[in-house]
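quick check, what structure comes out for this input:
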Amino acid sequence: MLNQVKFHYLLEYSEEGRKALTNKKPLVALETSIISQGLPYPYNYETALSLEERIREQGVVPVTIGILHGKIKIGLTPDELKVFATDRNIHKVNAQDIPITLSKKRTGATTVAGTLACAKLAAIEILATGGIGGIHRDFDRTHDMSSDLQQIANTKAIVVCSGVKAILDIPKTLEILETLGVMVGTFRSDKFPAFWSRTSGMETPLRLSSVDEIASIFSLSKEVQHTQGFIVANPVPSSHEIPQNTVEPMIEESLAEARKQKVKGKALTPFLLDSIYRLSAGQSMQANIALVKNNATLAAHIALKLGRK
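Residues are numbered from 1 along each chain as shown. Sure thing, here's the model as predicted:
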C-alpha cells in the first residue's frame, strides 16, 4: 500500500512510476542526457519513446529521469520528454550538479552519474543506457575522467550499457573500475565491447552467460554487503556494428579537431559524438539507437528476473 512506501520528498513521480513503486513492480531507469545531448531531434524523441515502450513490452515499468524546473522527475510524460528533446539550452547534470540545479530551479538532463544518484533516492536498482563515461584518452595531460565511474562505485545498481564510449581510453577505464571495486561483465561474450563495436580487443573481466546469472550475482553481492555497482556490458547488435578499425580513424580525427578548437569538459563528449556522426554519414547514430534499445530490453529482462527472486 502507499503508506508502506517511503517516497523521497525531493522526487516528483509520474503516476506510472508511483504505482509501480507502491506495488513493488520491477522498474528500469533511463537517463535524459542521451536525449538532450546524445542524439539530434527528432531521433532523440522517437528513441526516448521507443525505449520506454520496449521496457513496457517486457512487463516492466520505465522511468526516464531528469530535472524539470527544479524538480527531480522520476518518470516523464511524452510532453516532458519532448522538452528534453527540443530545448537546446538544457544543462548536462552530473551527480554533483543536482543540488545547484535544484536550487536554481533549472531544467537539467541527467547523465549516467546524475541518473544513478536520482535513482538511488527512488530505490531503483537498474539503469539502461548507451555507453558509460570513463578515462579520456589524453588523461595524462588533462586529468579528464567522467564522474560516471565514481557514481557507479557509490551506487548499488546494475548499469546495462554497451561498454565504455569508444572515444575514451577503455583499458585505463577498466583498470580504474577494478580499483574502485565495481563488478564488470559482458553479456554472452569473452571480449569487452567498445560502444559502436562489439569488441574493444580487451578481454572482459567476466563473461555473463544468462540473465539468471546476472540476477544471481547481483542478489548475492547485496547479501555480502558489496556496496559498489555492477556494469553489464551488452555488445551492439551485429547488424549495426561499426568495426573498431573503421571507427578508430574517425575518433582520431575528431579528437584532433577537439584539441584544435580547445573543446574540453562537459562539451567534449557531445562534440566528439557529433563529429563522428558526420564522419560516419550518420552510421554512428544508427548504431547508438540500436544498442541503447538492445540494452533497454536486456535491462527489462534482468528487472523481471530480480523481481521474482
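
give me the spatial nearest neighbour of Tyr45, chain neighbours excluded.
Spatial nearest neighbour of Tyr45, chain neighbours left out: Ala85 (3.8 Å); criterion: Cβ to Cβ, 6 or more residues apart in numbering. In this view, the C-beta of every residue, glycine as well, is placed from N, C-alpha and C.

mind checking pLDDT for the one you found?
On the pLDDT scale, Ala85 is placed at 98.

correct me if wrong: Glu16 contacts Leu76.
No. Between Glu16 and Leu76 there is no contact under Cβ atoms under 8 Å: 10.1 Å.

kindly export stretch 164-171 (C-alpha atoms) in PDB.
Extracted C-alpha coordinates of stretch 164-171, given in PDB (Å, rounded to 0.1, in the frame of the first residue of the first chain):
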ATOM      1  CA  VAL A 164      32.700   2.400 -22.300                       C
ATOM      2  CA  LYS A 165      32.200   5.100 -25.000                       C
ATOM      3  CA  ALA A 166      34.700   4.300 -27.800                       C
ATOM      4  CA  ILE A 167      36.100   7.800 -27.800                       C
ATOM      5  CA  LEU A 168      37.700   7.100 -24.300                       C
ATOM      6  CA  ASP A 169      40.600   5.100 -23.100                       C
ATOM      7  CA  ILE A 170      39.000   1.700 -22.400                       C
ATOM      8  CA  PRO A 171      42.000  -0.100 -20.900                       C
END
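
about what we covered before: what comes into contact with the helix or strand hosting the residue nearest to Tyr45?
Element membership for Ala85 (DSSP states H and E) is helix 78-86. Helix 78-86 has contacts (Cβ atoms under 8 Å, 6 or more residues apart in numbering) with 32, 35-36, 41-42, 44-45, 48-49, 64, 66, 68, 73, 76, 90, 107, 109.

just the buried members of those?
Of the members of the contacts of helix 78-86, the ones counted as buried by neighbours, 16 or more other Cβ atoms under 10 Å, are 32, 35-36, 44-45, 48, 64, 66, 68, 73, 76, 90, 107, 109.

before we move on, which element is Ala113 in?
Under the criterion of DSSP H and E, Ala113 resides in helix 112-121.

ok, Thr269 next?
Applying DSSP H and E as the criterion places Thr269 in helix 268-279.

mind checking the pLDDT average for stretch 152-169?
For stretch 152-169, the per-residue pLDDT averages 97.

what of stretch 274-287?
The average pLDDT within stretch 274-287 is 96.

ok, and what's touching it?
Residues contacting stretch 274-287 (Cβ under 8 Å, 6+ apart): 39-40, 43, 167, 196, 236, 240-242, 247, 250-251, 253-254, 257-258, 273.

what's the span of it, first residue to last?
14 Å (Cα to Cα, to the nearest Å).

please apply the same query to stretch 118-127.
Per Cα to Cα, the first residue of stretch 118-127 is 11 Å away from its last.

which residue ranges form the strands in the stretch 151-300 of the chain?
Secondary structure of the stretch 151-300 of the chain (DSSP state E, counting those that start in this stretch): strands located at 158-161, 183-187, 207-208, 230-233.

picking up where we left off before, out of the contacts of stretch 274-287, name the ones that lie in helices.
Tyr43, Val247, Met250, Ile251, Glu253, Ser254, Glu257, Ala258, Leu273 (DSSP state H).

now do the contacts for the third one.
Met250 sits next to Ser275, Ile276, Leu279, Ser280, Ser284 when contact means Cβ under 8 Å, 6+ apart.

need those in JSON lines with neighbour count and distance to Asp190, can you?
Formatted as JSON lines, those follow (neighbours: other Cβ atoms under 10 Å; distance: Cβ to Cβ, whole Å):
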{"residue": "Ser275", "neighbour count": "21", "distance to Asp190": "31"}
{"residue": "Ile276", "neighbour count": "23", "distance to Asp190": "27"}
{"residue": "Leu279", "neighbour count": "17", "distance to Asp190": "30"}
{"residue": "Ser280", "neighbour count": "17", "distance to Asp190": "27"}
{"residue": "Ser284", "neighbour count": "24", "distance to Asp190": "25"}
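
between those residues, which is nearest Phe7?
Ser284 (39.2 Å; Cβ to Cβ).

and the closest one, how far is that from Gly201?
19 Å (Cβ to Cβ, to the nearest Å).

and what of Pro42?
From Pro42 to Gly201 the distance is 35 Å (Cβ to Cβ).

re the thing from before, of the contacts of stretch 274-287, select the buried ones using a ChimeraX command.
Buried members of the contacts of stretch 274-287, defined by 16+ other Cβ under 10 Å, are picked up in ChimeraX with:
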select :39,43,167,196,236,240,241,242,247,250,251,254,258,273
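
next SSE downstream of the helix holding Ala85?
strand 91-93.

show the average pLDDT along that next one.
Mean predicted confidence for strand 91-93 is 95.
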